[in-house]
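Chemist: Have a look; sequence and predicted model below, questions after that.
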Amino acid sequence: NWSWAEYGMRCGMPRLLKAMTSRGIRCDACLNGSVIDVYPDVAEAMLKAGWEFQGHGIHQRAMDKGGEAELIRQSCDKIRKFAGKPPRGWIGPGLKESFDTPDYLRAAGIDYLCDWVIDDSPLWMKTRHGPMVVVPYTLELNDSVIYAVEKHASPEQYDRLRYSLEALEPELAEGPRVVTLSLHHHLNGVLHRIGFVHKMLDLLQKRSDTVFMTGAEICDWFVAAEGGWPKS
């Protein structure tokens, strides 16, 4: 399993970076803080590409409830020192949370959270430290679920994206929808799937109604559409 992830960092990430940068697409780097120390070349390449850095713990393991607030602080500090600004968004390792996680995150200055896979558009979440934005994330178009868990054939994520866009057509008259693609270096960066990453990006870019946005940009768009941050 270590070699699988290592291949992703060494070979898969350059392919994903090329796929995005060649099209001028900025992504969210959902980043374990330890990547900055262990894979500095990867972290530098994402920073140079202008990707947004999201908090994702320190290592890819569930947070210990007793030290959760401290781990969030360490993760945010690590990204702030490297990228020059703190992360505004968060995805828990494995989407894991305790009942207190949103409160800890908002207290740490996190504006939006992607753990709650419940809508196709952003929404508000109340915390003890003020409102937070829930930015859509995906399990249906998540390569970890599709390939590592469900073990589908290589075209599956591309096919699901096509079907998803077809289903969205009649809904777009009512307003915009967020379509999220989750791409892991050790899954979509491999030789038999990277071509489908290019196909998915081309499919989206050929549409006249597609805007590529990072999580923070989605958060800011939603807040502006709502007339600003609520007071409570």
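Modeler: Yes, it's here.
Chemist: Give me the neighbour count for Asp77.
Modeler: Asp77 has 13 neighbours, counted by other CB atoms under 10 Å. For every residue, glycine as well, the C-beta is placed using N, CA and C.
Chemist: ok, now how distant is it from Ile36?
Modeler: To Ile36, Asp77 is 11 Å away according to CB to CB, to the nearest Å.
Chemist: now do Gln157
Modeler: From Gln157 over to Ile36 the distance is 28 Å, taken as CB to CB.
Chemist: Have a look at these two and say which one is more surrounded.
Modeler: For Gln157 and Ile36, the more surrounded residue by other CB under 10 Å is Gln157, and the numbers stand at 26 against 20.
Chemist: could you measure the more buried one against Ile194, distance?
Modeler: Gln157 sits at a distance of 12 Å from Ile194 (criterion: CB to CB).
Chemist: residues shared between the contacts of these two?
Modeler: Overlap of the contact sets of Gln157 and Ile194 (by CB atoms under 8 Å, 6 or more residues apart in numbering) consists of Asn188.
Chemist: pLDDT wise, what is Ser98 at?
Modeler: We have a pLDDT of 91 for Ser98.
Chemist: what's the neighbour count on it?
Modeler: Using other CB under 10 Å: Ser98 sits among 15 other residues.
Chemist: Please apply the same query to the one 5 residues further on.
Modeler: Asp103 is flanked by 18 other residues according to other CB under 10 Å.
Chemist: just Ala5 next, same as before
Modeler: Ala5 is flanked by 14 other residues according to other CB under 10 Å.
Chemist: Just the CA atoms of the helix or strand hosting it, as PDB, please.
Modeler: Under DSSP states H and E, the secondary-structure element containing Ala5 is helix 2-7. Output for helix 2-7, consisting of C-alpha atoms alone and laid out as PDB, is shown next (Å, rounded to 0.1, in the frame of the first residue of the first chain):
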ATOM      1  CA  TRP A   2       2.900   2.400   0.700                       C
ATOM      2  CA  SER A   3       4.300   1.700  -2.800                       C
ATOM      3  CA  TRP A   4       0.800   2.300  -4.300                       C
ATOM      4  CA  ALA A   5       0.700   5.800  -2.800                       C
ATOM      5  CA  GLU A   6       4.300   6.500  -3.500                       C
ATOM      6  CA  TYR A   7       3.800   5.700  -7.200                       C
END
